[in-house]
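Trainee: Starting from these lines, generate the structure:
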Amino acid sequence: YGYLTYAAAVIAKEDKRWLDSHRQKVLELVRDYANPNRADRYYPFARHFDFYLAHSWAGGLWVFDAGRNQESSSEAVNAYYALYLLGSAMEDKQLGDWGRILMSMELAAAQKYWHIPSSSAIYPAPFSATKIVGILWSTRVDYSTWFGLNVEYIHCIQYLPFTPLTEVLLDTERTITWWPQRWAGRNPPLSDWWRGYIVMAHAIIDREAAWKEASTLESFDLGSTRVNVLYWIATRPGQGAPPRPLGPALAVSAPQGPLIGPQGPVGGRQEPVGGRQEPVGGSQRPLVGSQGAVRGRGVVAGEEMAVDGCRQCSCKCDCSEVGAGEREEDCRCACRCRRVEGRSDYCLAI
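Mentor: Predicted coordinates for the structure are as follows:
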């Protein structure tokens, strides 16, 4: 709901007539995830927020041995940031202040429990070397996500979406320690759709280099666009004059990216992909640096299809774990995918 509330806030700021006709519908969204009224008969008070721990839980009434969980702390921050923006656009100070309170607590918790700067003593080695928590549970932490084990997923799911508030959420210490080796990593290859997020993170520490890298991007995740990437890079503070324009030769392509099953795009997850009861990897302990295979997760039997370069297929196999009877070249899944039920335009790696 945070993304929808953010969009509503932007429209409301520019179009008061739209706000007048949609006010109650927008507030219905707010009441569902960030209701400020304890006496509301229809929606719970602050549905996701845990005021004892000062952060949200994304998982609801699931039965997990490790308790409740939250993957994307940055999306939680964005949800309450959107609430603040909506209150501002509606000229409703109480609603805006409510959003600021939740946003501030969520942001502080993200920096304390999900980010692992060198000064943090919360997580012991070797987990502290990961510099980020992928999924935080009631009783454990995982270096993984619900949808894959690539390092760019694990780190960038704690960064996106990139908004003005990202300047407060992220800083050099939380980026520079992992960026160089992750960008250079090629096993497994970096996801084309998530390279934009990595470039945006790089801009925090080296805007000029990130600007050049942006010129090589050919596709973008559904939660981002070329304009968003370039604007973010060009507006990084404290790094001298703005970068030069990339020039008219820069090709522009429509945003694209893999869908997470039939439930929605990356960045909008409120439940495990394909009904999984464990994060990818299925570990009952922190996944420290694991790059385990993803194949077979959420995939149903169907027609094999070849996709040129796998640009429309989220192939994320790890050939260090070739199963019995499999050939390494099959595991590489360069173009070997299966269609997901109900989505002829979407496939996952086998």
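Trainee: so what's the residue nearest to Y159 when sequence neighbours are not counted scoring on pLDDT?
Mentor: The shortest distance from Y159 to any non-neighbouring residue, by CB to CB, 6 or more residues apart in numbering, is to S74 (5.5 Å). All C-beta spots, glycine's among them, are computed from the backbone N, C-alpha and C. At S74, the predicted lDDT confidence score is 97.
Trainee: Dihedrals phi and psi, S74?
Mentor: With angles defined as degrees, to the nearest 10, S74 sits at phi -70, psi -30.
Trainee: you'd agree it is up against Q111?
Mentor: No - contact criterion CB atoms under 8 Å: S74 and Q111 do not qualify, at 10.5 Å.
Trainee: Between these two, which has more neighbouring residues?
Mentor: The residue with more neighbours, out of S74 and Q111, is S74; 26 against 20, by other CB atoms under 10 Å.
Trainee: how about the residue nearest to Y159, what does it touch?
Mentor: Taking CB atoms under 8 Å, 6 or more residues apart in numbering, we find S74 in contact with 110, 157-161, 166, 169.
Trainee: May I see these arranged in CSV, with neighbour count, pLDDT and secondary structure as well?
Mentor: CSV is the format used below for those (neighbours: other CB atoms under 10 Å; pLDDT from 0 to 100; DSSP: H, G, I helix; E, B strand; the rest coil):
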residue, neighbour count, pLDDT, secondary structure
A110, 24, 97, helix
I157, 26, 95, coil
Q158, 22, 95, coil
Y159, 24, 94, coil
L160, 22, 95, coil
P161, 22, 95, coil
T166, 19, 95, helix
L169, 22, 95, helix
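Trainee: Looking at those residues, which is nearest R23?
Mentor: P161 (24.3 Å; CB to CB).
Trainee: was I right about that closest one contacting N78?
Mentor: Yes - in this structure, P161 is within contact of N78 by CB under 8 Å, at 5.7 Å.
Trainee: any common contacting residues for those two?
Mentor: Y3.
Trainee: export stretch 17-26 as CSV, just CAs?
Mentor: This file holds the C-alpha atoms of stretch 17-26, laid out as CSV (Å, rounded to 0.1, in the frame of the first residue of the first chain):
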residue,chain,number,x,y,z
ARG,A,17,-9.9,18.2,-7.7
TRP,A,18,-8.7,14.6,-8.0
LEU,A,19,-8.0,14.7,-4.2
ASP,A,20,-11.5,15.9,-3.5
SER,A,21,-13.1,13.1,-5.5
HIS,A,22,-10.8,10.3,-4.2
ARG,A,23,-10.2,11.4,-0.6
GLN,A,24,-12.2,8.7,1.0
LYS,A,25,-10.8,5.9,-1.2
VAL,A,26,-7.3,7.0,-0.4
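Trainee: buried ones in it?
Mentor: 19, 26 (16 or more other CB atoms under 10 Å).
Trainee: for stretch 107-119, same thing?
Mentor: Counting neighbours by 16+ other CB under 10 Å, the buried set in stretch 107-119 is 107, 109-111, 113-116.
Trainee: Dump those residues to TSV, plus secondary structure and distance to E173.
Mentor: Below are those laid out as TSV (DSSP: H, G, I helix; E, B strand; the rest coil; distance: CB to CB, whole Å):
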residue	secondary structure	distance to E173
L107	helix	15
A109	helix	17
A110	helix	14
Q111	helix	10
Y113	helix	16
W114	helix	14
H115	strand	9
I116	coil	10
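Trainee: so what does the helix or strand hosting R100 touch, helix or strand wise?
Mentor: Using DSSP states H and E, the element containing R100 is helix 93-109. Under the contact criterion of 3 or more CB pairs under 8 Å, 6 or more residues apart in numbering; DSSP states H and E, helix 93-109 touches helix 16-34, strand 49-50, strand 55-56, helix 73-89.
Trainee: ok, 10 Å please
Mentor: Helix 93-109 makes packing contacts with helix 16-34, strand 49-50, strand 55-56, helix 73-89, helix 166-169 when contacts are defined by 3 or more CB pairs under 10 Å, 6 or more residues apart in numbering; DSSP states H and E.
Trainee: Also compute the angle for that helix relative to helix 16-34, please.
Mentor: Relative orientation of helix 93-109 and helix 16-34, computed by axes from the mean of the first three to the mean of the last three CA atoms, to 10 degrees: 50 degrees.
Trainee: Show me which residues of helix 93-109 are buried.
Mentor: 95-96, 98-107, 109.
Trainee: going on from it, what's the next piece of helix or strand?
Mentor: Immediately after helix 93-109, counting by DSSP H and E, sits strand 135-137.
Trainee: Helix or strand next in line after that next one, which one?
Mentor: Next element after strand 135-137 (DSSP H and E): strand 141-142.
Trainee: can you pull the pLDDT of I205?
Mentor: 87.
Trainee: Ok, A324 next?
Mentor: 51.
Trainee: same thing with the one 4 residues further on?
Mentor: The model reports E328 with a pLDDT of 42.
Trainee: Next, the distance between the ends of stretch 135-152.
Mentor: Using CA to CA, to the nearest Å, the end-to-end distance of stretch 135-152 comes out at 14 Å.
Trainee: any low-confidence regions in the protein?
Mentor: 60, 174-188, 240-242, 245-350 (pLDDT under 70).
Trainee: the domain parsing of it - what is it?
Mentor: 2-191+199-205, 304-349 (automatic domain parsing).
Trainee: isn't I204 right up against W232?
Mentor: Yes - with contact defined as CB atoms under 10 Å, I204 counts as touching W232 (9.4 Å).
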